[in-house]
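Asks: Structure here, sequence nowhere to be found:
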């Protein structure tokens, strides 16, 4: 299919805003959906998808896959520009039409990527390349509240308009993701190959900084975000008290909450709940926290992010569709319409309906695993695995 200004897709099973439509026709004009429905008149060029699904493209609010693309083995890094360009291809093949690359400011010892200078470099490189990438590319800045030194740099990046979403992290031991000191010790020892004394030093340093200035740092970041209109999220929430604090700061999303108490309280405060697709596929959290599928089955999740494996998004969507008995159009909202709503995007994003942006996927469902056949961004074909 060429990238004509106008074309038709026919014989689609479309997950539209109003419901799933069999034998649907979709008319695309100048990057938008001009008409969606059965029995529409068509004219060439026409793409017959022969009963394949057509879904809204995925809007992935949290993916740190770029880190693995740059540093595929510990201590062995590829050029950032090359890594971004290659990951862009993989994202299109995974059905991601808008990506929020998650870049961490964490100043972790022995880390190459999660340092202030490297994070700044990655952000600026991605933004410089964004116009020439296949998928729409945004930046999700992840800020660790114990990293006081990064505050001026983060304010600079936000002020320059380089940041599209900020999440506040607290990885001090004894709460959040690391409920026990042993979990913290195991994670850092494995990730950074640190000896026991180094890990203990990290633990004690973070606890001291949090007690002194951690919450004040979070308030400062939230004020900067509020002033510049940048959405704010929290991360690994575990208590109602933490939810109360972060919601007052203006957070609109609770990412990967680790307790049911946090989920329930965040929803009561009007926050949206984001879960990870690897958790959905595996059936559990890698840290033995909440099961994403359990939250979804109870209607408590709003957004699904790829977390660190974009290729799991499509499989997670169909697992939700089948195991939770959700119509495909409802399951798709977790991956498209709801993330768009959380980011304050206009109503043309994340939907298959007349007037919406033509960010969409053609998906083969005839095999045991679903497969992306084509990905479109603004009506332009950015990925194809077939000749339909």
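Replies: Noted; the coordinates are in hand. As the structure is a computational prediction, the values presented were derived from the model and not from experiment.

Asks: Just the mean pLDDT for stretch 275-295, thanks.
Replies: Taken as a whole, stretch 275-295 has a mean pLDDT of 86.

Asks: count of neighbours near residue 257?
Replies: Here the number of neighbours of residue 257 (other C-beta atoms under 10 Å) works out to 31. (Glycine included, C-beta is placed from N, CA and C.)

Asks: So it: helix, strand or coil?
Replies: Secondary structure, DSSP: H, G, I helix; E, B strand; the rest coil: residue 257 is coil.

Asks: if I pick it, what's in contact with it?
Replies: Neighbour list for residue 257: 236-238, 263, 266, 273, 290 [criterion: C-beta atoms under 8 Å, 6 or more residues apart in numbering].

Asks: mind running it again at 6 Å?
Replies: Neighbouring residues of residue 257 by C-beta atoms under 6 Å, 6 or more residues apart in numbering: 237, 263.

Asks: Quick check: it vs residue 274, distance?
Replies: Here the criterion is C-beta to C-beta, to the nearest Å. By it, residue 257 lies 9 Å from residue 274.

Asks: do residue 236 as well
Replies: Here the criterion is C-beta to C-beta. By it, residue 236 lies 11 Å from residue 274.

Asks: and what of residue 135?
Replies: Between residue 135 and residue 274 the distance, using C-beta to C-beta, works out to 19 Å.

Asks: Of residue 236 and residue 274, give the one with the bigger neighbour count.
Replies: In this comparison of residue 236 against residue 274, neighbours counted by other C-beta under 10 Å, the higher total goes to residue 274 at 27 against 23.

Asks: bridging residues for that one?
Replies: Partner residues in beta bridges with residue 274, using DSSP bridges, are residue 255, residue 303.

Asks: Just confirm it contacts residue 253, I think it does.
Replies: Yes: under the criterion of C-beta atoms under 6 Å, residue 274 is in contact with residue 253, at a separation of 5.4 Å.

Asks: Pull up the distance across stretch 356-365, start to finish.
Replies: Separation of the first and last residues of stretch 356-365 by C-alpha to C-alpha, to the nearest Å is 24 Å.

Asks: next one: stretch 21-41
Replies: So stretch 21-41: terminal residues 16 Å apart, C-alpha to C-alpha.

Asks: Please point out which parts of that stretch sit buried.
Replies: Going by neighbour count (16 or more other C-beta atoms under 10 Å), the buried part of stretch 21-41 is 21, 24-28, 32-36.

Asks: Going along the chain, name the helices of the stretch 151-300 of the chain.
Replies: Per DSSP state H, counting those that start in this stretch, the stretch 151-300 of the chain carries helices over the ranges 151-159, 181-192, 196-209, 215-228, 240-248, 260-268, 277-282, 292-297.

Asks: before we move on, the earlier item: farthest pair in the buried residues of stretch 21-41?
Replies: Checked with C-beta to C-beta, the buried residues of stretch 21-41 reach their widest spread between 21 and 32, with 18.2 Å between them.

Asks: So which helix or strand of the chain has the lowest pLDDT on average?
Replies: Among the helices and strands of the chain, helix 181-192 carries the lowest confidence by mean pLDDT, DSSP states H and E, at a mean of 55.
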